[in-house]
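Asks: Compute the structure for the input listed below.
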Amino acid sequence: MRRFDVARLKILMDIWAVIDVAIKVEVEGVLFTV
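Replies: Alright, predicted model coming up:
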């Protein structure tokens, strides 16, 4: 059960990392257009 929780946590972290990068790219794009 614990191993499953760790795997799920890792997946969540990966998802958040992708979202974080997407947000940064979007913000930089907005800054460059302005």
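Asks: Quick one: mean pLDDT for the helix or strand where Val21 lies?
Replies: Assigned by DSSP states H and E, Val21 belongs to helix 2-33. Mean pLDDT, helix 2-33: 91.
Asks: name the helices or strands packed onto it?
Replies: Helix 2-33 sits against no helix or strand, with contacts defined as 3 or more Cβ pairs under 8 Å, 6 or more residues apart in numbering; DSSP states H and E. Where C-beta positions appear, they are placed from N, C-alpha and C, glycine not excepted.
Asks: List the buried residues for that helix?
Replies: Buried residues in helix 2-33, counted by 16 or more other Cβ atoms under 10 Å: none are found.
Asks: chain center to that helix: distance?
Replies: Between the mean C-alpha location of helix 2-33 and the chain-wide mean there is a distance of 0 Å, by Cα atoms, centre = their mean, to the nearest Å.
Asks: try stretch 25-34
Replies: Counting by Cα atoms, centre = their mean, stretch 25-34 comes out at 18 Å from the chain centroid.
Asks: Okay, Val30 and Asp20: tell me how far apart.
Replies: Separation of Val30 from Asp20 (Cβ to Cβ, to the nearest Å): 16 Å.
Asks: Lys10 now?
Replies: Lys10 is 15 Å from Asp20, by Cβ to Cβ.
Asks: Likewise for Ala7?
Replies: Counting by Cβ to Cβ, the gap from Ala7 to Asp20 is 20 Å.
Asks: Over to Arg3?
Replies: Arg3 is 26 Å from Asp20, by Cβ to Cβ.
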